[in-house]
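*Asks:* need the 3D shape of this:
(one chain, ligands or ions: 1)
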Amino acid sequence: MRPFGIRRKRRDSATTDNQHQIIQHVPDHIAIIMDGNGRWAKARGLPRIAGHHSGMLAMREVVRACDDLGVKYLTLYSFSTENWKRPRQEIEYLWRLVDEFFALDIEELVERNVRITILGDTTELPAPTQATVNRALQLTASNTGLRLQFALNYGSRREIVEAVQAISEMTVLGNIKPEEINEKTFSDALATKGIPDPDLLIRTSGDQRISNFLLWQIAYTELYFVEEMWPEFKRRHLEDAIRAYNARERRYGGLK
Ligand code: FPP
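*Replies:* Sure thing, here's the model as predicted:
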């Protein structure tokens, strides 16, 4: 964690406003389950896809806010391996939204020195979306600022099974002995290799579950659930979450 007052860009570090001064430390890694787009739309008599579009706008603001605050890693649960169960039109719209976001926002993300990475299997996405995503990965590959990870066609159980397969292969090839396998070996076989575990996991919409997201990685993550639907989640809600995080005492199973 870094003192909140130290900002990397755009803002003068001496000009934190009163509300900002209340936040002492910004978590290095924030993960978000962006839930409630459908319910937000339904409550307004709108189609579910309108909720996803508003969700994309909320996501854009939260990415900007995290970058402004100096968050190092932001992982967004954007499409799970279970989301394929949804109606085809809704899924197709979600891919269009991904296309739209990367087309409209890539310039700003490059300018902000954001590096985009993906968790999940993008080879199952429609070809044009794969191309858009790959272009965003390439354009930001050498950036050194906020690491923005989209979990796209991601499922934690699948990730864990694939890690087990990879380690089994290594043992069969004689590259590692079973007794040499440890937590580091396992972490390094996950898609999040090299990324520190999330410090703070936020889920919107009032539901309090993890839904197959980063199961291994959140062993000691602080969980924060809010009632707001994802399209309602603004910069101030993010700051509330960070303040709540600051009030927590992380002991990792030890004593204070
Ligand atoms: C969960 O709400 C949300 C999703 C499954 C999609 C989230 C996607 C975005 C916010 C935009 C994605 C854009 C990019 C570029 C990655 P829900 O539909 O499950 O809501 P409900 O529980 O109220 O039905």
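
*Asks:* and the pLDDT for the residue nearest to N37 when sequence neighbours are not counted?
*Replies:* With sequence-adjacent residues excluded and distances taken as Cβ to Cβ, 6 or more residues apart in numbering, N37 is closest to G51, at 3.6 Å. The C-beta positions use only the backbone N, C-alpha and C, and glycine is treated the same way. G51 is assigned a pLDDT of 98 by the prediction.

*Asks:* ok, now which ones touch G51?
*Replies:* G36, N37, G38, R39, W40, A41, K42, M229, P231 (Cβ atoms under 8 Å, 6 or more residues apart in numbering).

*Asks:* need the strands for the stretch 51-200 of the chain, in chain order.
*Replies:* With DSSP state E, counting those that start in this stretch as the criterion, the stretch 51-200 of the chain has strands at 73-80, 115-119, 147-154, 200-203.

*Asks:* alongside the ligand, which residues does the stretch 51-200 of the chain contribute?
*Replies:* H52, G55, M56, M59, S78, N83, L97, V98, F101, F150 (Cβ under 6 Å from any ligand atom).

*Asks:* just checking, the fourth one touches V98?
*Replies:* No. Contact status for M59 versus V98: not in contact, 10.7 Å apart, counting by Cβ atoms under 8 Å.

*Asks:* ok, back up a step: got a quick ChimeraX command for the buried subset of the contacts of G51?
*Replies:* Buried residues among those (16 or more other Cβ atoms under 10 Å), as a ChimeraX selection:
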select :36,37,38,39,40,41,229,231
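
*Asks:* any weak-confidence spans in the stretch 101-250 of the chain?
*Replies:* Across the stretch 101-250 of the chain, not a single residue meets the criterion (pLDDT under 70).

*Asks:* for the ligand, what's the nearest residue on this structure?
*Replies:* Proximity of the chain to the ligand (Cβ to the nearest ligand atom) peaks at G38, 2.5 Å away.
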